[in-house]
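Enquirer: This is the structure alone, sequence omitted:
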């Protein structure tokens, strides 16, 4: 007969000499133990209210820093052509003409290929210095700038200096009606699709470019100050060396 296998005796508990207990995860016991230990609290939530002023202040400082950088890089805004730079050339239909259409941003600078129904900047600056205004037909101040150009143009002999204006983003009929109602005699073109406006980056008006003969800008005049005929005439005289 074979001897039945001997069952190994459990190792005594080191503390009390009792058999060691093999611990298992018992859900009921776990719940009971946790209830005795008290509720398990979630981690504390960080209150961000006291940091909001810091975030707002940082945002304001960031905007100021960007504005200072743009001012230092571009001067007064980014509209128009800065002093020392050449005018952007274009040809646009004159408001009082029968020419309909959009501006040509690559005009031929040749009298033989010129349509007299268009304002051709290249041909104009080849003849004499130029005062070129950009205006919006819906702005009273911008229209007054063209009034000022018209008034000052009478102070100079024909051909000594030229004056012209462009209605940006405006239609033919509206611009023509405006020319007649305000009695403008200087050349006024219209920029139907806004191509000239984009070319010059016109964002504000009144704005006038004063360019030497040949098309290099002497200065860019922006703001209501230049609605004053005397102030504007003084800058035109400086342009032609008077």
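Expert: That came through fine. Predicted model, so just to flag it, every value in this text is computed and none were measured. Numbers count the residues shown, from 1 in each chain.

Enquirer: Tell me how far the residue lying closest to residue 144 once chain neighbours are set aside lies from residue 210.
Expert: Leaving out its chain neighbours, the residue that sits closest to residue 144 by Cβ to Cβ, 6 or more residues apart in numbering is residue 227, at 5.1 Å. Glycine gets a C-beta too; all of them are placed from N, C-alpha and C. As judged by Cβ to Cβ, to the nearest Å, residue 227 and residue 210 stand 15 Å apart.

Enquirer: who's more crowded, the two?
Expert: residue 210 (21 against 15; other Cβ atoms under 10 Å).

Enquirer: Quick check: the more buried one is in a helix.
Expert: No - Residue 210 sits outside any helix when classified using DSSP: H, G, I helix; E, B strand; the rest coil, being strand.

Enquirer: wouldn't it be in contact with residue 239 here?
Expert: Yes - between residue 210 and residue 239 there is a contact under Cβ atoms under 8 Å: 4.8 Å.

Enquirer: Can you check which residues contact both of these two?
Expert: Contact criterion Cβ atoms under 8 Å, 6 or more residues apart in numbering; residues shared by residue 210 and residue 239: 129, 131, 218, 219.

Enquirer: Could you tell me which ranges of this structure sit under the pLDDT cut-off?
Expert: 1-78 (pLDDT under 70).

Enquirer: For residue 119, which non-adjacent residue is closest in space?
Expert: residue 189 (4.0 Å).

Enquirer: Grab the nearest non-local neighbour of residue 147.
Expert: residue 182 (6.4 Å).

Enquirer: follow-up on the earlier one: of the shared contacts of residue 210 and residue 239 - the most surrounded one?
Expert: Neighbour max across these (other Cβ under 10 Å) = residue 131, 24 neighbours.

Enquirer: In contact with it, which residues are there?
Expert: Residue 131 neighbours (Cβ under 8 Å, 6+ apart): 149, 152, 161, 162, 163, 164, 208, 209, 210, 236, 239.

Enquirer: Narrow these to those in strands?
Expert: Counted as lying in strands by DSSP state E, out of the contacts of residue 131, are 162, 163, 164, 208, 209, 210.

Enquirer: Can you flag the buried ones in these?
Expert: By neighbour count, with 16 or more other Cβ atoms under 10 Å, those hold 162, 163, 164, 208, 209, 210 as buried.
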